[in-house]
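Novice: Whatever this is, show me its structure:
(chains A and B)
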Amino acid sequence: MAASVCADRPAPAARAPVAPRRWRRLDRVLSPYLYIAPFFTVFTVFGLFPMLYTGYVSMTRWRADVPGSQGQWAGLENYRRLLDDPYFLNALRNTLGVGVLSTIPQLLLALGLAHLLNYRMRGRAFFRLGVLLPNVTSVAAVTLIFVQLFGRDYGLINWALGLLGVHQIDWQAGTFSSWTAISTIVTWRWTGYNALIYLAAMQAVPFELYEAAAIDGAGRWRQFRSITIPMLRPTILFTVIVSTIGALQLFGEPMLFSQQQDPTTGGSQHQFQTLALYSYNQFWGRFKYGYGAAISWAMFLLIVVIVAANLLAARRLRGIEA
Amino acid sequence: MSPSPSGSRARLLGAAAVLATVLSASSCSSSGPAKDDANAPATLTVNLFSDFGYADLYKQYEQLHPNITIKESRADMGAHHQNLHAHLLAGSGTADIEAVEIGQVAGFQSQADKFVNFLDNGVDPSQWVPSKTAPASSPDGKVLFGLGTDMGGMALCYRPDLFKAAGLPTNRDQVSAMMADWPAYIAAGKQFLANSPNKNVRWFDSGGNLFSAVIAQAPQGFYDSTGKPVVTQNPAVKDAFDLVAGAIKDGESAGIQAFTPAWDTGFQKSQFATVACPAWMSYEFKTNPPADGGKWDLTRIPGGGGNWGGSYLTVPKSGKHTKAAVDLAKWLTAPDQEAKLFKEKGYFPSDRALWSQPDIADHTEPLFNDAPTGKIFSQSAKDLKPQPLGAHGAEIGTALGNALTAVEQGKADAGTAWKQALGDIANING
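Specialist: Predicted coordinates for the structure are as follows:
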């Protein structure tokens, strides 16, 4: 029986044994999972587990300086406390303020920059790579340089403003001045990155559209407004969401910008203490593990809500257009 | 040695340390049993929060013990102590030797059992005064977990050239006599500002720094002897705060935060004429000489006495080479080494016997115009009336310092700033 089946085959020597063939099928079914497994394993260990564990800690009264408090169940008490914690509300306000001040100019600048980089010009590759440089430089290095630039007595920016007759500004002191300075650092680091994303999207816009518009007599600005922007909408939505998430998690820049003895207080009056800084301050600085974890989770929930709102707004817009 | 040296570098390291903590929190591995063989090759890790001036001593120790290699790491002051707390909690990740600053040491008392007890390792606590050993002991006194390194004997550093230009006395004894207490010091500041030809020079560097020096002299600071915080009940705190806030209002403060790059610049550009200076601060004067060629001098601190800063070396039990680490920590804090650190680096020893030893007591310091630093710091150390310490002393000091910064920045008056500080302090324990 087996021999007759085998005889049908044209090249018995090359015939694969039965087991490996089954293995091959198994391979086809399993291997995609194996390929993506490293990501999910790493994500589970370093992303999902810490997140869930933080969620658990946020519902306990755990404080490092209170022996035996580990595992004391508190339910949602920490979250309730957040709502009337003036420092939390202040941090929320700072985070949103710095977020708006940094995200909007950053994306507008990136759009303009991408438009310019899309022109045919000499040394295009050099400029396109150049705009990414601030992004690959470390936050710490960039921020330390900016702290010098924003120095009160001998900073370059105050010197330049002095030439214009503006009185010395103590950038760390004021709420708006410190937000502006921190937003400048964020904008400096992320504009080029977003510009490259826009540039890639711009290059996918069919050239015929511009040609047709040009024949119809549309100028460059009109083309940018009526072709480029609408064609870029999904990309713009993507960058808005990514920058929003980044802005809500802002940590390194305000921490290193601070000149106070304890950099997690975000200035002499918490004027630039962001949510991430406040969480760190409570968790590691004050050893309130439960409460610090609750701040982290509140931050996470806030991000989810804001991103969902973004997506809804985008869908609504698309609906109106259709 | 108190806060971090050059702010920028330390900040950078601090940020790195923060990242390291976050990473190590999830990647901790349990440490093996301590190796007790004294001659086995070992690399000892030492975690500090500023330059303790140990580089030459390490070399000397490595020559004496060829099997030992020493590796030092530094983070900024806040991050260093936070990391140590986190690593003790996790039971791993500590270095073989960890430094602890005196303002932070009380916060580790409840974890005394996580450190090697030096009393079991042939250390005689009478090497130090009780006020140095008590904060680094368990509440029952059976465990000594920190060996005293330096202390912050206090002095007043001043610029004779700027004093002369403003018509103030320049001689050490005259300066000290003129500013016997803090109100007199602040009155002299008014006189200086009125008569100094250079209007860019202020009287002192930062309100927070001055406050630290003033409150250090009170018999009681932020805590009472039972370890209860008494910021609101203790009139000395409010008095010191109001004194400094008043001086800020009169324009005496340059408003430059200590231990930042701007502070370094302030030294170089002569932005202030006096600094309340503990012994460990001399590194700052050495690395940032005035660009105008002026020199610093040093005299008795107004009010006399007080302590600001100073540190301990500890050996966490979770370290890999606890036995060898104990030997190194004992050697580094032994009188010979401590004496050397004072003469070469300016760190004033906390070993009490050294205060009367001629080569220390008669030491004069070229950095401060040959001022008798040995005599001044020894006297300050002998006059020291120890203050009760508490778990969050450093954070409370920071909150009050921040409030004084707000006054300097023109963002709050003394009353609002005081309320702000009380709110911040309430949030430390709340």
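Novice: Number of residues surrounding residue B:177?
Specialist: Counted with other CB atoms under 10 Å in any protein chain shown, residues neighbouring residue B:177 total 13. Where C-beta positions appear, they are placed from N, C-alpha and C, glycine not excepted.
Novice: And for the one 10 residues further on?
Specialist: Other residues near residue B:187 come to 15 when the count uses other CB under 10 Å.
Novice: Give me the secondary structure label for the closest residue to chain A within the stretch 201-350 of chain B.
Specialist: Closest to chain A within the stretch 201-350 of chain B is residue B:257: 4.4 Å, counting by CB to the nearest CB. Following DSSP: H, G, I helix; E, B strand; the rest coil, the label given to residue B:257 is coil.
Novice: what residues does the stretch 151-300 of chain B put near chain A?
Specialist: Contact residues, the stretch 151-300 of chain B versus chain A (CB under 8 Å from any CB of the partner chain): B:208, B:255-262, B:265-266, B:269, B:271.
Novice: try 6 Å this time
Specialist: Applying CB under 6 Å from any CB of the partner chain, we find that the stretch 151-300 of chain B lies next to chain A at B:257, B:260, B:262, B:265.
Novice: Return the subset of those lying in helices.
Specialist: Among these, the residues falling in helices (DSSP state H) are B:262, B:265.
Novice: what's the neighbour count on residue 80?
Specialist: Chain wasn't specified; assuming chain A. Number of residues near residue A:80 (other CB under 10 Å) recorded here: 12.
Novice: try again with chain B
Specialist: The burial count for residue B:80: 26, using other CB under 10 Å.
Novice: same deal with residue A:77?
Specialist: 16.
Novice: And the residue of the stretch 201-350 of chain B closest to chain A, how far from residue A:38?
Specialist: According to CB to CB, to the nearest Å, residue B:257 stands 46 Å off from residue A:38.
Novice: what does residue A:95 give?
Specialist: Applying CB to CB, the value for residue A:95 to residue A:38 is 33 Å.
Novice: ok, now which ones touch the residue of the stretch 201-350 of chain B closest to chain A?
Specialist: Applying CB atoms under 6 Å, 6 or more residues apart in numbering or on different chains to residue B:257 gives the contacts A:259, B:206.
Novice: and the residue minimising distance to the centre of chain A, what pLDDT?
Specialist: Central residue of chain A (CA atoms, centre = their mean): residue A:246, 2.8 Å from the mean position. On pLDDT, residue A:246 comes in at 95.
Novice: Also residue A:285?
Specialist: On the pLDDT scale, residue A:285 gets 85.
Novice: From residue A:272, how far off is the residue lying closest to it once chain neighbours are set aside?
Specialist: Of all residues not flanking residue A:285 in the chain, residue A:264 sits nearest, at 5.2 Å (CB to CB, 6 or more residues apart in numbering or on different chains). Counting by CB to CB, the gap from residue A:264 to residue A:272 is 11 Å.
Novice: In contact with the residue nearest to residue A:285, which residues?
Specialist: A:277, A:280-281, A:285.
Novice: same thing but 7 Å
Specialist: A:255, A:277, A:280-281, A:285 (CB atoms under 7 Å, 6 or more residues apart in numbering or on different chains).
Novice: what do you get for residue B:80?
Specialist: B:47, B:49.
Novice: distance of it from residue B:49?
Specialist: 4 Å.
Novice: what comes into contact with the one helix or strand residue B:173 maps to?
Specialist: If you go by DSSP states H and E, residue B:173 is part of helix B:172-178. Under the contact criterion CB under 7 Å, 6+ apart, helix B:172-178 has outside partners B:158, B:169, B:184, B:188, B:297, B:299-300, B:371.
Novice: Could I get the buried residue list for that helix?
Specialist: By neighbour count on 16 or more other CB atoms under 10 Å in any protein chain shown, the buried set for helix B:172-178 is B:172, B:175-176, B:178.
Novice: Check stretch A:146-161 too.
Specialist: A:146-153, A:155, A:157-158.
Novice: swap in stretch B:134-142?
Specialist: Buried residues in stretch B:134-142 (16+ other CB under 10 Å): B:134-138.
Novice: now those residues as TSV including distance to chain A?
Specialist: Putting these into TSV (distance: CB to the nearest CB, whole Å) gives the following:
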residue	distance to chain A
B:134	19
B:135	16
B:136	17
B:137	18
B:138	13
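Novice: which one of those residues is nearest residue B:112?
Specialist: Ranked by distance to residue B:112 (CB to CB), the buried residues of stretch B:134-142 are led by residue B:138 at 3.8 Å.
Novice: Please list all residues in contact with that closest one.
Specialist: Contacts for residue B:138 were tallied using CB under 7 Å, 6+ apart; they are B:109, B:112.
Novice: can you map out the helices along the stretch 201-322 of chain A?
Specialist: A:207-215, A:220-223, A:229-248, A:252-257, A:275-280, A:289-321 (DSSP state H, counting those that start in this stretch).
Novice: Now distance to residue B:39 too, for those, in TSV please.
Specialist: Output for these, formatted as TSV (distance: least, CB to CB, whole Å):
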stretch	distance to residue B:39
helix A:207-215	77
helix A:220-223	79
helix A:229-248	53
helix A:252-257	45
helix A:275-280	44
helix A:289-321	42
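Novice: Compare the ones you listed and give me the one nearest chain B.
Specialist: Between chain B and the helices of the stretch 201-322 of chain A, the shortest gap by CB to the nearest CB is with helix A:252-257, which sits at 5.8 Å.
Novice: avg pLDDT for that closest one?
Specialist: 96.
Novice: I'd like to know which elements that helix is packed against.
Specialist: If you count contacts as 3 or more CB pairs under 7 Å, 6 or more residues apart in numbering or on different chains; DSSP states H and E, helix A:252-257 packs onto helix A:139-149, helix A:175-203, helix B:7-26.
Novice: which stretch in the ones you listed is the model least sure about?
Specialist: When I compare the helices and strands packed on helix A:252-257, helix B:7-26 is least confident, with a mean of 41.
Novice: Can you name the residues of the stretch 101-250 of chain A that neighbour chain B?
Specialist: Those residues of the stretch 101-250 of chain A that sit near chain B, judged by CB under 7 Å from any CB of the partner chain, are A:140, A:144, A:148, A:151, A:153-154, A:170, A:173.
Novice: Check those against residue A:20 and report the nearest one.
Specialist: Among those, and counting by CB to CB, the member closest to residue A:20 is residue A:140, at 54.1 Å.
Novice: burial measure for that closest one, as a count.
Specialist: Neighbours of residue A:140 under the rule other CB under 10 Å: 20.
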